[in-house]
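S.K.: Coordinates only, no sequence provided:
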């Protein structure tokens, strides 16, 4: 079974928009695990516009499934990951002002940098994953960098799937085949949803984990709002 790790950044965004502690990020993380998710993902950014670094430290002792910390490996990020020692760290080359992750690593240009970072985390027994575009040229040198896993960046697939272009899965299948040959685990994330996840899962052999946040929270609003509205009406009647 492919594991589901729920990215709770959007819960933090909602909290931060109002101030205070509602919704309570810690309680949401607890409930998500109770409901059956096999992991919690967070992606703190330098401006802390959603998940704060303090949140990550507070979440650490209550995540009893898999804890996945994503981010650009700057000095502050590396320090935090080494102190917390999560199940997995996912390296993402996002810029300071990026709204969301928009591209994977160029492993050719960044080979020595990534090798050094991956080695540091692996020495500390932290599973390492690298965020990659579905291009085989960025996979061919991974035996030198030696990550445990990669996370395929799935926005292009999601956009094309919505338009009915199912052939867009092709590059992901090709990358998955090469990764399986190299014995590197396969994760995936970004814009995966209830609409497109099943097709992706069926086509990608040995998909170990998906990390889903924005779509899952948006779908939860639609699938859960009826019950909440009815509860308010009942209490007001």
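M.R.: Thanks, I have the structure now. Just so you know, these numbers come straight off a predicted model, no measurement behind them.

S.K.: which residue is nearest the centroid of this protein?
M.R.: Centroid-nearest residue in the chain, with C-alpha atoms, centre = their mean: residue 211, separated by 3.9 Å.

S.K.: Thought residue 5 was touching that residue, still the case?
M.R.: Yes: with contact defined as C-beta atoms under 8 Å, residue 211 reaches residue 5; the gap is 4.6 Å. Where you see a C-beta, it was placed from the backbone N, CA and C, and this is true even at glycine.

S.K.: Next, count neighbours for residue 188.
M.R.: Each residue near residue 188 was counted by other C-beta atoms under 10 Å, and the total is 25.

S.K.: One more: the one 4 residues further on?
M.R.: If you count neighbours by other C-beta under 10 Å, residue 192 ends up with 25.

S.K.: OK, contacts around it?
M.R.: By C-beta atoms under 8 Å, 6 or more residues apart in numbering, residue 192 lies in contact with 154, 158, 200, 210, 212, 215.

S.K.: Disregarding residues adjacent in the polypeptide, which is nearest to the second one?
M.R.: On the basis of C-beta to C-beta, 6 or more residues apart in numbering, the spatially nearest residue to residue 158 that is not a chain neighbour turns out to be residue 191, at 3.6 Å.

S.K.: Over to residue 5?
M.R.: Using C-beta to C-beta, 6+ apart, the closest residue to residue 5 is residue 39 (3.2 Å).

S.K.: do residue 43 as well
M.R.: Nearest one to residue 43, counting by C-beta to C-beta, 6+ apart, is residue 70 at 4.0 Å.

S.K.: Tell me which helix or strand comes right after the helix or strand the one you found falls within.
M.R.: Per DSSP states H and E, residue 70 falls inside strand 66-71. The first helix or strand that comes after strand 66-71 along the chain, using DSSP H and E, is helix 75-84.

S.K.: which of the residues in that next one are buried?
M.R.: Within helix 75-84, the residues that count as buried by 16 or more other C-beta atoms under 10 Å are 77-78, 80-81, 84.

S.K.: Which other helices and strands does the helix or strand of the chain with the lowest mean pLDDT contact?
M.R.: Across the helices and strands of the chain, mean pLDDT, DSSP states H and E gives its lowest value to helix 214-236, namely a mean of 90. Counting by 3 or more C-beta pairs under 8 Å, 6 or more residues apart in numbering; DSSP states H and E, the packing neighbours recorded for helix 214-236 are strand 3-7, helix 9-18.

S.K.: what comes into contact with the shortest one?
M.R.: Outside strand 3-7, the residues within contact range by C-beta under 8 Å, 6+ apart are 32, 37-43, 66, 68, 70, 189, 208-214, 216.
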